[in-house]
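Enquirer: test case, fold it:
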Amino acid sequence: MAFVQESYDVAVVGAGHAGCEAALACARLGLKTIVFTVSVDSIALMPCNPNIGGSSKGHLVRELDALGGEMGKNIDKTFIQSKMLNKSKGPAVHSLRAQADKQSYTREMRKTLENQSNLTIRQAEISEILTTVNINSTELKSITGVKTSSGAIYKAKAVILCTGVYLNSRCLTGDLIEYTGPNGLRSATHLTDSLKNNGVRMFRFKTGTPARVDRRSLDFSKFEVQKGDVPVIPFSFSTKFESVQKEQIDCWLVYTNEKTHNIIRDNISRSPMFNGSIEGVGPRYCPSIEDKVMKFPDKNRHQIFIEPEGLYTNEMYLSGMSSSMPEDVQYEMYHSMEGFEHVHIVRNAYAIEYDCIDSTQLKSTLEFKSIDGLFAAGQFNGSSGYEEAAVQGLMAGINASMKILGRKPVVLDRSQAYIGVLIDDLVTKENFEPYRMMTSRSEYRLLLRQDNADIRLRKIGHDVGLVSDEEFDETCAKIKLIEQEINRLNNTFVGNTDSINDFLFTHSSNIINSGISLAELVKRPELNYESIGQIDLERPSLPFSVREEVNIEIKYEGYIKRQLAQVEAFKKLECKKIPKDIDYNEITNLRLEARQKLSRIKPDNVGMAGRISGVSPADISVLLIYIESYKHKK
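Expert: Numbers count the residues shown, from 1 in each chain. As a prediction, the model looks like this:
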């Protein structure tokens, strides 16, 4: 019997946000790459919210961009509104968020993939991963390729699974259950069995999305308008500032009310979330509207943001109102809100269930511990969100490429990037619900700001080969300007003249009796780098990004030094490697739970071991003593 058989360096399964980044990274590093999707029209699809970024997620996108990823560049080309969130708070939590024209975003990313050398796009469902026994260990398997539902075989040195929410997916709207992927696309029904047959542990998770409504049926006079920022800050460090200064589209804010909540309470037994129809576990930090109403009974209203889906459509997205309620209940609860009295639904809200993996089966490189050459990224790993998916896709793509090219893997630790925090949490902590990135998850968030992602990570991206010499040189020049300006401010002094004290008095700042450096003035809470420009007569003309860094580095100098000291202590534990062949069952003083967790997760170092749930500080002390004696035995 004749069948198709082709060979590639890397096969990427799925072309969502993780798959796109993985495929582009591999192809740009010179590897012959093929990416599979159940529908070519769903490349970089945004089936849920029409935006990129947001609290902590904006950090991830800027880090991805600094490493050479595509998402930041793509949203800069296709956004219709942009905002920097949390500006009233400190710089550690400032996060960029942009509304996308969904069709344009998908179209632009597809164009990027289609025109990338070394990259082939193939519409097909992958039904099997192909493995063989590893020649170095009978306990390990090695990936050899993938097989499609039509029987075609694609041999590959590495395979990256980025299946998103498509594995055995089903969409629920009340009693209506449709066995499809998001937006009515076909689900992938075969791969789960192949993974289980290869010893992969699977979970069943759930997420949801709100209804889309017709713009023409809304009364905007009853909504609060939400404008974009002026000027616009681009996501990508490579995007020219001037190119993103354009007219923006408005969003709006509305609230649910007690009538809305009563409708939900009266019909809660019809919600699949509450009547047992849904098997999967949903995201704690992105709950459905029925979840909010039932879990917070004292709250008499919830925010709903009305967001355009694009420039050339009347579909509007209702952020904050995801639901799995029946169709008639959805209409009733939407009609109960001000401005929605005559609303028309274009697409019903729905919940979606899907198969994903227990991500503690992965190494920090996102390669399976038990299957050599098989990598995983995105919602398939039990995370949620476009941004979390994209950064995992990039890192999986980089590490699959490094493995094939015989180069050192790239693992970012928790002190280097939010990406490091995300992946470390996934591979060390048992996540029984979709994982969402938050600024509170990072211990060193003052160091890991969105504004300095290029300073932290550009060199790594350049060393890998995804950041051009020109882009890296620009970052080096920026760092030099920042250092020079901080040095100048530390060594430029002003005296207690009338003009200086008048300036300080005007800004409600204490007057001075002797000379003081400009840097010391910047540190004052009521002043900053921009405001002291009035008395800084020799100030050079500098780009906004440089001025921003100068202000933060000076103003938060003490806090930054304190976090750097904490990082040094953290690094000491990360440097204490755990021997690969250690048998935790031999460490009798370890508690049983710790022995079981350490044996299953197999952490690389003591720091990682200490972050595993169920492993106590006392267990770590025992482990440290054992490692020292173990080394002496060897």
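Enquirer: just give me the longest helix of this protein.
Expert: Among all segments of the chain classified by DSSP state H, the helix with the greatest residue count is helix 469-490.
Enquirer: buried stuff in that one?
Expert: When burial is assessed from 16 or more other C-beta atoms under 10 Å, helix 469-490 yields the following buried residues: Glu471, Phe472, Thr475, Lys478, Ile479, Leu481, Ile482, Glu485, Ile486, Arg488, Leu489. Glycine gets a C-beta too; all of them are placed from N, C-alpha and C.
Enquirer: leaving out sequence neighbours, find the closest residue to the second one.
Expert: Going back to what we said before, that points to Phe472. Once flanking residues are discounted, Phe472 sits nearest to His462: 4.1 Å by C-beta to C-beta, 6 or more residues apart in numbering.
Enquirer: the helix or strand where Arg562 lies to helix 469-490, inter-axis angle?
Expert: Counting by DSSP states H and E, the secondary-structure element that holds Arg562 is helix 557-574. Computed with axes from the mean of the first three to the mean of the last three C-alpha atoms, to 10 degrees, the direction of helix 557-574 lies at 130 degrees from that of helix 469-490.
Enquirer: the most centrally placed residue in the chain - nearest residue in space that isn't next to it in sequence?
Expert: The chain has Glu388 as the residue nearest its centroid, 2.3 Å off, counting by C-alpha atoms, centre = their mean. Using C-beta to C-beta, 6+ apart and skipping the chain neighbours, the partner closest in space to Glu388 is Met437 (5.5 Å).
Enquirer: next, Ile177: secondary structure please.
Expert: At Ile177, secondary structure determined by DSSP: H, G, I helix; E, B strand; the rest coil is strand.
Enquirer: how near is it to Glu125?
Expert: Look at Ile177 and Glu125: by C-beta to C-beta, to the nearest Å, they are 21 Å apart.
Enquirer: just Gln99 next, same as before
Expert: 32 Å.
Enquirer: who's in contact with the residue nearest to Glu388?
Expert: Taking C-beta atoms under 8 Å, 6 or more residues apart in numbering as the criterion, Met437 is in contact with Ser56, Lys57, His59, Leu60, Ser383, Gly385, Glu387, Glu388, Tyr418, Val421, Leu422.
Enquirer: ditto for Leu85
Expert: When contacts are counted by C-beta under 8 Å, 6+ apart, Leu85 touches Gly54, Ser55, Gly58, His94, Ser95, Leu96, Arg97.
Enquirer: could you give the bridge partners of it?
Expert: When bridges are taken as DSSP bridges, the partners of Leu85 come out as Ser95.
Enquirer: let me know the pLDDT of it.
Expert: Among the per-residue scores, Leu85 shows a pLDDT of 95.
Enquirer: circling back: tell me which of Gln99 and Glu125 has more neighbours.
Expert: In this view Gln99 and Glu125 are compared by other C-beta atoms under 10 Å, and Gln99 has more residues nearby, 30 against 19.
Enquirer: packing partners for the lowest-mean-pLDDT helix or strand in the chain?
Expert: Comparing helices and strands within the chain by mean pLDDT, DSSP states H and E singles out helix 272-275 as the least confident, with a mean of 77. In this structure, helix 272-275 packs against helix 289-295, with contacts taken as 3 or more C-beta pairs under 8 Å, 6 or more residues apart in numbering; DSSP states H and E.
Enquirer: related to what we said a few turns ago, can I get the longest helix of the chain in PDB, CA atoms only?
Expert: The C-alpha atoms that make up helix 469-490 are tabulated as PDB, following Å, rounded to 0.1, in the frame of the first residue of the first chain:
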ATOM      1  CA  ASP A 469      23.400  42.200  15.100                       C
ATOM      2  CA  GLU A 470      21.600  45.500  14.500                       C
ATOM      3  CA  GLU A 471      19.000  44.900  17.100                       C
ATOM      4  CA  PHE A 472      21.600  43.800  19.700                       C
ATOM      5  CA  ASP A 473      23.800  46.800  18.900                       C
ATOM      6  CA  GLU A 474      20.800  49.100  19.500                       C
ATOM      7  CA  THR A 475      20.300  47.600  22.900                       C
ATOM      8  CA  CYS A 476      24.000  47.900  23.800                       C
ATOM      9  CA  ALA A 477      23.900  51.600  22.800                       C
ATOM     10  CA  LYS A 478      20.800  52.100  24.900                       C
ATOM     11  CA  ILE A 479      22.500  50.500  28.000                       C
ATOM     12  CA  LYS A 480      25.500  52.800  27.400                       C
ATOM     13  CA  LEU A 481      23.300  55.900  27.300                       C
ATOM     14  CA  ILE A 482      21.600  54.900  30.500                       C
ATOM     15  CA  GLU A 483      24.900  54.300  32.300                       C
ATOM     16  CA  GLN A 484      26.300  57.600  31.100                       C
ATOM     17  CA  GLU A 485      23.200  59.600  32.100                       C
ATOM     18  CA  ILE A 486      23.000  58.000  35.600                       C
ATOM     19  CA  ASN A 487      26.700  58.800  36.100                       C
ATOM     20  CA  ARG A 488      26.100  62.400  35.000                       C
ATOM     21  CA  LEU A 489      23.200  62.900  37.400                       C
ATOM     22  CA  ASN A 490      25.200  61.400  40.300                       C
END
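Enquirer: thought Asp604 was touching Lys577?
Expert: Yes: A contact is recorded between Asp604 and Lys577 when judged using C-beta atoms under 8 Å, the distance being 6.6 Å.
Enquirer: which one's more surrounded, those two?
Expert: For Asp604 versus Lys577, the count of surrounding residues by other C-beta under 10 Å is larger for Asp604: 18 against 11.
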